[in-house]
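# Fold the following, please.
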Amino acid sequence: MRIGELAKRAGTSTRTLRYYESRGLLTARRTGNGYRDYDEDDLRLLLQIRTLQDFGFDLEDTRPFVDCLRDGHPAGDSCPASLAVYRRKLAELDGLIGRLADVREQVAHQLAAAEEAAGQAQPGCEMTGWERGTR
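Next up, the predicted model:
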């Protein structure tokens, strides 16, 4: 298939495919007249790359998965290098979840303090002027 058809089937652009080719993630065969030619294996590579990017993997992180598929493995994540990328990404996500949990705790503390302060607010502190249009 030509580059336009591959891009359409993979849900991406021809520009993206050329970029992947320049990065060595996609290899085009050339027809006699110089057109890029791709097959179903190339589509499978692209779908693997897109799925991983949807999960938040950097483009370079997809390389071991692509190499694994190219080496003939039916799944791009069955090779040791792919598993290592999964482990690294999982550790990264665990760190992010931990930081988000800390931020959530801080925001919840601030909200509780603000609600307590609002319950003790002076009468002139309410924003009733906004409701009446006097501001």
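
# pLDDT of the host helix or strand of residue 16, averaged?
Assigned by DSSP states H and E, residue 16 falls within helix 14-22. Averaged across helix 14-22, the pLDDT comes to 94.

# before we move on, what about stretch 98-111?
The average pLDDT within stretch 98-111 is 96.

# Return the residues in contact with the residue most central in space within the chain.
Of all residues in the chain, the one closest to the mean position by C-alpha atoms, centre = their mean is residue 56, 2.5 Å from it. By C-beta atoms under 8 Å, 6 or more residues apart in numbering, the contact set of residue 56 is 89, 93. Placement of C-beta: from N, CA and C, glycine included.

# Which parts of the protein are strands?
Using DSSP state E, the strands assigned to the chain run over residues 29-30, 36-37.

# Give me the pLDDT value at the closest residue to residue 35 other than its chain neighbours.
Residue nearest to residue 35 in three dimensions, not counting chain neighbours: residue 2, with 5.9 Å by C-beta to C-beta, 6 or more residues apart in numbering. Note on residue 2: pLDDT of 92.

# neighbours around residue 2, how many?
With neighbours defined by other C-beta atoms under 10 Å, the count for residue 2 comes to 13.

# Please report how far it lies from residue 78.
Residue 2 sits 30 Å away from residue 78, going by C-beta to C-beta, to the nearest Å.
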